[in-house]
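Student: Sequence and predicted structure below; questions after.
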Amino acid sequence: MTIIYQLITVGIILLVAWNLFREKRLAEQMAAALVLIPLILRALMIR
Amino acid sequence: MTPQRKYGTWWTALFLLLLVGGVLLIVSHDFLAMRVDLPIYPGLGVTSTAMLSDYFAPLKGTAADTMAYILQGDEPGGTAFVLGGTHPNEPASSLAAIVLIESARVTRGRLVVIPRANRSAFTCSEPQEGYPQTYTIETANGSREFRYGSRGTNPVDQWPDPVIYINAAGQSLAGSEVRNLNRSYPGSPDGNLTEQLAYAIVELIRQEDVDMAIDLHEASPEYPVINAIVAHEDALNIAAEAAMFLEFEGMQIGVERSPDNLRGLSHREWGDATDTLALLVEAPNPAQGRLRGRTSVELIVEGIDPFYVRAAQRGLLYVPFFEAGHPIDERVGRHLQTIAMLLEVYNEYTDKGVVVVDVPTLSSVLEHGVGAFLLQPNTTNATN
Amino acid sequence: MSSPFAEMIPLLAMVGAFAAMTFAFKLPVSISLVGAAILGALVAGQGVPLRHLVEGTLGYLDTLLIIATAMIFMRTIQASGLLDTIAHHLITAFERRPASLLVLMMLFAMSAGMITGSSTAAVLTTGAIVAPAFMALGIPKNKTGAIIAMAGILGMIAPPVNIPVMIIGGGVDMPYIGFGLPLLILTLPLAVAIVLFLGLKSVRATSIDRSLLPLSYHRQYGWKLYLPLVMLIVLIVLERAFPRIVPSFGMPLVFMISALVAPWTGRKMNPWTVARDAVQAALPVMAILAGVGMFLQIMALTGGRGFIVSLLIGLPLGLLYLSIAVSMPLFGAVSAYGSASILGVPFVLALLGTNEIIVASALSLIAAMGDLMPPTALAGLFAAKVVEQPNYTQVLSHCLIPAGITVGVSLGYMATAGFWDRFLFWDNRLALYGILLGSIGLVCMSILMLDHWVLRHRRESVGAQL
């Protein structure tokens, strides 16, 4: 189950990152970057 | 709400991504540092050690496997068990167990001590609580660091949480309680990591034929069960008598019977699942409470908090709270004196007694500080 | 000893910075929260505590995943045509029974919240399903948003799964036993009253415009179309019904499995585009949650949280009720779960001595109102997304009165806890169930009478136009 959840997290990370690059408003880009931090930490099982 | 001007380009995105990478690098270093166990220095009383996986093999190599310290007396007798560090955000629990390992001796019977019951929970902090990762105790030879961990198993070791957690005893709880060791008893050999850990602890109690088992905790000052011994019905008489003698000695402590309908807790399940006399001891820790002010190492160690003083004046607390607070010296001292008294009362009623000597009393810990009963950092005999 | 007011300065700095950044500089709420958290730490002499800031966001990790996956699920069943189809059939089947339809749809909208314990999940699933039907009945989209937001919140509190109560119970060692009936008594009458309050007038005023009715794709795709929804229900119900046999999938996985099925069941879609746009729509909320996490962590670190909590629970009983009514929804802005944990637990402890089950049930409902509180306002925000209203305050404004009533009823429930204790835990279960069934019968009859009244009114108004 943990691996499945890691995969879901990676999927969401990709979608967020895609939006980060597609987004034209800097503030929204910052919001996307903010969301990436906890998601990546968990995907890598650091925290 | 959002500005109409844009400014965002592919380059700003890349820059932000690099910034995220930088932040991740820095914080990962902090988070991963938590996974290194800080040393414990077994004293002369420790005759052997074992791992919890010796009692339940599947735990081997997991983050939950933890060391048990065995203090064997020369004279044969019974076996007592002290569990510290069930909740690593209740530091007096683990610290009292460490004092036993580093300074107590056993002349009769046997004492088994686990100072880091939920070792995985020592490797992370509770989110949104602002806790430091370590706290410091002054010893004669300088300061020594101890981990301040989280209440539950590190999600990295057990993830995801279910929506509702139904524990092995059948109780429904909020999903996050699935990582709470003291809701997972009697555990399950094929359950999640925390349930396996709980199972291994119950196996230790069974295989070591433990006569009396004591689970050390702390609670916030606004919580009704505090400065108390919670006893399984089989151990109720011993708890009541110990509390009475402790009161004679000037230490106020209440006794609560383990509720029948609150399942999954040590004082209930240890007593139901094994022949041991199951007990749980609580001390007041303001760093855990929701009314606390600034969260800091000082609060954890000195236990001084102006908000709690005011709350006590308004009658909102279940424990007196004055300007002097409830320092960790007092909380550890209470635990140690309670353990000693419980054993003393138990010994009155059995020929399988456990005699532990050199357990510091509350007044001596208050006088000299808990650091005086901890060994000096000395790498030759350290265990992690 | 330091003065308790030392903790107030960083708190004031944080609140001030947040307000300034959001309102004066028009920054997104999430970025303002991050800025306020950093400033609070600086003012408290903590520097920029990166570890703390990031740790705060991790408290909402599971919620982030639920929001993202629920949004993806909702967008896929919208794209497949399932949402429109269900709305179409609901309306055509109940055309002659508008009041009953309103109540049934309200209960259906609540159902996802009842089994998942999450208002977000409810709004984005069952809420999204009934929203087109409400609108086709003539209810304006802002009111529709308000209805499904309230349904999500009431569903989250209604049994069998109420996470805020479990969180409160966890803090005071109260097992999650015996909450079923007290929670039903609290939530169901409110649900009926709220949907009739918000919807009946619009339904009465207009008859159904057939051209506005969402299309049904049932004939085109057959039963296959319903597969994602069936999958979702089966997975959730299986997990709840057989917790010992079926492993716990968790909401994100259940949403993902159901969403993965959707592209093959109805209208053609590009799953990647749908998922990407769904995450884009969810991103502002996800970022707000991350920012709120940071804000909370710094509030705990600097003592601002303790300052607020100790101020509130120290009030005398009369003021205590007032402070519950105001502070719990306000604090719920950081999520209903956070409010239940941070304030719910001390409030239950401050009110010990009455029936704790009733008190905790009522507190959980008041805390849940926090899901309507900006800046997060999870329920209101997602409801606005479902009804495609870009400005979610338009939706929230219609929630004001229902939310006020809900808080009032909850306080009343708490104040009369002694009565409910005797009634709901009455040994004579037969008499209790008799009284309850009788009341339900009466309510059903009143709703059927309302159906007739609405139809007669419609005929009259059509006649007047002729």
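Tutor: Alright, I've got the coordinates. Numbers count the residues shown, from 1 in each chain, chains lettered A, B, ... in the order given.
Student: Once you drop chain neighbours, what's closest to the spatially most central residue of chain B?
Tutor: For chain B, residue B:85 is the residue whose C-alpha lies nearest the centre (CA atoms, centre = their mean; 2.5 Å). In this structure, residue B:85 finds its nearest non-sequential neighbour in residue B:94, 3.7 Å apart by CB to CB, 6 or more residues apart in numbering or on different chains. Placement of C-beta: from N, CA and C, glycine included.
Student: Check the gap between residue C:33 and residue A:13 for me.
Tutor: The gap separating residue C:33 from residue A:13 is 21 Å, by CB to CB, to the nearest Å.
Student: Touching, residue C:373 and residue C:327? I think so.
Tutor: No - the criterion here is CB atoms under 8 Å, and residue C:373 misses it with residue C:327 at 10.9 Å.
Student: Residues in contact with both of these two, list them for me.
Tutor: Between them, residue C:373 and residue C:327 share no contacting residue under CB atoms under 8 Å, 6 or more residues apart in numbering or on different chains.
Student: what about the nearest residue to residue B:203 once chain neighbours are set aside, neighbour count?
Tutor: The shortest distance from residue B:203 to any non-neighbouring residue, by CB to CB, 6+ apart, is to residue B:55 (4.3 Å). By the other CB atoms under 10 Å in any protein chain shown criterion, the neighbourhood of residue B:55 contains 19 residues.
Student: With the one 5 residues further on instead?
Tutor: The tally of other residues near residue B:60 (other CB under 10 Å) stands at 12.
Student: how about the closest residue to it other than its chain neighbours, what does it touch?
Tutor: Using CB to CB, 6+ apart and skipping the chain neighbours, the partner closest in space to residue B:60 is residue B:53 (3.8 Å). Taking CB under 8 Å, 6+ apart, we find residue B:53 in contact with B:59, B:60, B:61, B:62, B:65, B:200.
Student: Scan those residues and report the most crowded one.
Tutor: These, ranked by neighbours (other CB under 10 Å): first place residue B:200, 26 neighbours.
Student: tell me which element that one is part of?
Tutor: Residue B:200 belongs to helix B:193-207 when assigned by DSSP states H and E.
Student: CA atoms only for the helix or strand just after that helix, dumped as PDB, please.
Tutor: From helix B:193-207 onward toward the C-terminus, using DSSP H and E, the following helix or strand is strand B:212-216. Provided in PDB are the C-alpha atoms of strand B:212-216 (Å, rounded to 0.1, in the frame of the first residue of the first chain):
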ATOM      1  CA  MET B 212       4.500  -6.600  37.000                       C
ATOM      2  CA  ALA B 213       4.600  -4.200  33.900                       C
ATOM      3  CA  ILE B 214       4.700  -0.500  34.200                       C
ATOM      4  CA  ASP B 215       4.100   1.800  31.200                       C
ATOM      5  CA  LEU B 216       5.400   5.400  31.700                       C
END
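Student: near chain C at all, strand B:212-216?
Tutor: No - contact between strand B:212-216 and chain C, assessed by CB under 8 Å from any CB of the partner chain, is absent, since the two come no nearer than 14.3 Å.
Student: List the pairing partners of that strand within its sheet, with orientation.
Tutor: Applying DSSP bridges to the sheet, strand B:212-216 is found paired with strand B:75-83 (parallel), strand B:277-282 (parallel).
Student: Figure out how far the helix or strand that it is followed by is from the centre of its chain.
Tutor: Sequence-wise, the next helix or strand downstream of strand B:212-216 (DSSP H and E) is strand B:228-231. Its chain's C-alpha centre and that of strand B:228-231 lie 15 Å apart, by CA atoms, centre = their mean, to the nearest Å.
Student: Give me the helices and strands touching the lowest-mean-pLDDT helix or strand in chain B, please.
Tutor: Among the helices and strands of chain B, strand B:172-174 carries the lowest confidence by mean pLDDT, DSSP states H and E, at a mean of 83. Here strand B:172-174 touches strand B:164-166, helix C:163-172, going by 3 or more CB pairs under 8 Å, 6 or more residues apart in numbering or on different chains; DSSP states H and E.
Student: Go through the ones you listed and pick out the most buried.
Tutor: Among the helices and strands packed on strand B:172-174, judged by mean count of other CB atoms under 10 Å in any protein chain shown, the one packed with the most neighbours on average is helix C:163-172 (a mean of 25).
Student: residues making contact with that one?
Tutor: For helix C:163-172, the external contacting residues (CB under 8 Å, 6+ apart) are B:163-164, B:172-177, B:223-224, C:117-118, C:156-157, C:174-176, C:179, C:183, C:336-337, C:339-341, C:344-345, C:348-349, C:356, C:360-361, C:363-364, C:367-368.
Student: No further queries at this time; thank you.
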